[in-house]
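for reference, the sequence and a predicted model appear below.
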Amino acid sequence: MLVETLLRIAVGVSALGNPRGLPRSLTEALTSDLAPARFAKDFSKPLAVPEAGIEAAVRAMRSGRLFRYGASSAASSEVARAEREFADGVAGSRFAVGVNSGSSALMLGLMAVGVKPGDRVVCNGFAFTGVPSTIMRLGAEPVLVDTDAHFRLDVADLEAKLDAFPDARALVLSHTRGRVCDLDRVAALAEARKLDVVEDCGHAAGASWRGRPVGRLGAVAAFGARSDSMLNGGEAGFATTDDAETAAKLVYLSGCYERRYGKHGARPEDDDLLERAMATMPYLSTRMSELSAACLRPAVASLADRVVEANRRHALIARSLGDLAGGGVVLPESDPRASCVGDRLTFSVPALDEAANGFFRTTCVALGVPVAWLKSPANAFYHGNWRNYGAPTFELPGTDALLETAYDLALPAYFGDDDLRHVAEIVAYAYACAAAASEDDGGGA
């Protein structure tokens, strides 16, 4: 049986001296009697918009009031209500401003804290390409920080970078793939260096540190709400803060004009702050639309329960991989003080050499599991690709070593438990075949 074969692999291919009959080429891997059935479900299928969201979107279309300031008041605006509900129910913040993307929220946050052309902004070396792109869009210079073995910002390297660049103006802290680093240490460093922090929570809505939602560490937090995230607003986002003056700046930076701030749902009550922002902030037209907000609000309301379910499902596939592949497929550990978001599977196969890694991912894809290699020339999370548009180059040995054998995979909410076990079976099978092939070629496994 396949499971028996994989359980033998769990104790190590080398110790077994290559189990007889284990496939060692792609053709053999796909035609072997040991091969699991090809997985047929779609990994790109997003979270469906709930009926309540569809009905609200239809109401907005019938009214014709699709522009956020077209509503008669904040009480009748889908965006204004989404802002208040997100601030209260997800971010735990005093204020929130709805925008058209997570990258827009990040840009507004950096502008609100005063980042200007020529400033240095420290950021993760493992993050979405939108992070360095946004920093560079403002004329600032990204300073990349290395990654620890668990896909989180390396706080020791953060301290080293701050020593090397004492004039750094701000830190963009990304909780990439929902992984949360030691926020206590980051907060202490930021305070000691007088560093403004903008948290990139694009992958971390619903994550927490010491029971407190992420996004509360710095001056501003940026959240995304894209179709492939836990919050399907199509393309949307939120900028959140606890500071009233910063919130007023965000309102006007987002695209408020004249005195339309009254149609914001989670704004400061001090109109003087808003009047001052009206007179001093540029207009960037990054507003959230009524349609996006209508689709998004039910997802905001249900997020906490869905994060619990996502983490249960992540634990299930992690256990299955541990049972089937032993220590060959390595999943990141979480800090016990952090609660992460498990809507994706991020892992590494460090025992496989370069050729075996190619065999591994080709076998996974051929069997219907589209693992994304995180060091691919096409991957938006690999810092080596950012230099193609002019981002500065830094030596990031931890990041490079980790991503060399690291992969990312969506875990769509519509997959059942048996689907997740099937995916784990395919990943473990591909690993076993690649490890055996590597042994034949004289490589490590």
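All right, it came through fine.

residue 56: what's it in contact with?
Counting by Cβ atoms under 8 Å, 6 or more residues apart in numbering, residue 56 touches 78, 294, 295, 297. From N, CA and C alone the C-beta is placed, and that goes for glycine too.

ditto for residue 169
114, 115, 116, 119, 120, 121, 140, 195, 196.

need the three-state assignment for residue 96.
strand (DSSP: H, G, I helix; E, B strand; the rest coil).

gap between the closest residue to it other than its chain neighbours and residue 123?
Once flanking residues are discounted, residue 96 sits nearest to residue 87: 3.9 Å by Cβ to Cβ, 6 or more residues apart in numbering. Between residue 87 and residue 123 the distance is 25 Å, computed by Cβ to Cβ, to the nearest Å.

compare these two (neighbour count), which wins?
Per other Cβ atoms under 10 Å, whichever of residue 87 and residue 123 has more neighbours is residue 123, with 26 against 23.

tell me the secondary structure at the nearest residue to that one once chain neighbours are set aside.
Spatially, and ignoring its direct neighbours in sequence, residue 123 is nearest to residue 172 (4.2 Å; Cβ to Cβ, 6+ apart). Recorded secondary structure, residue 172: strand (three-state DSSP).

what is the burial count for residue 172?
A count of nearby residues for residue 172, using other Cβ under 10 Å, gives 27.

got the domain boundaries for this protein?
Following the TED database, the chain resolves into domains at 1-47+304-442, 51-299.

returning to that earlier point: the contacts of residue 169: which two are farthest apart?
Farthest-apart pair in the contacts of residue 169 is 116 and 195; separation 15.2 Å (Cβ to Cβ).

neighbour count winner among these two?
Between residue 116 and residue 195, counted using other Cβ under 10 Å, residue 195 has the larger neighbour count: 19 against 11.

my reading is that residue 122 lies in a strand. Confirm?
Yes. Assessed with three-state DSSP, residue 122 lies in a strand.

is it true that it touches residue 167?
No. Contact between residue 122 and residue 167 fails when scored by Cβ atoms under 8 Å: they sit 10.9 Å apart.

more crowded one of the two?
residue 122 (26 against 8).

and the more buried one, what does it touch?
Going by Cβ under 8 Å, 6+ apart, the list of residues near residue 122 reads 142, 143, 145, 158, 161, 162, 165, 168, 170, 171, 172, 195.

so the closest residue to residue 356 other than its chain neighbours is in which element?
The shortest distance from residue 356 to any non-neighbouring residue, by Cβ to Cβ, 6+ apart, is to residue 438 (3.8 Å). Secondary structure assignment for residue 438, by DSSP states H and E: helix 417-440.

check which helices and strands that helix sits against.
Under the contact criterion of 3 or more Cβ pairs under 8 Å, 6 or more residues apart in numbering; DSSP states H and E, helix 417-440 touches helix 2-9, helix 13-16, helix 26-31, helix 290-325, helix 354-366.

tell me what angle the longest one forms with helix 417-440.
Our comparison of helix 290-325 with helix 417-440, counting by axes from the mean of the first three to the mean of the last three Cα atoms, to 10 degrees, yields an angle of 50 degrees.

buried residues, helix 290-325. List them.
290-303, 306-307, 310-311, 313-314, 316-318, 320-325 (16 or more other Cβ atoms under 10 Å).

coming back round to it: report the two of the contacts of residue 56 separated the most.
Largest separation among the contacts of residue 56 by Cβ to Cβ: 78 and 295, giving 8.9 Å.

can you pull out the helices in the stretch 51-200 of the chain?
Ranges of helices within the stretch 51-200 of the chain are 51-63, 78-86, 102-112, 130-137, 155-164, 183-193, based on DSSP state H, counting those that start in this stretch.
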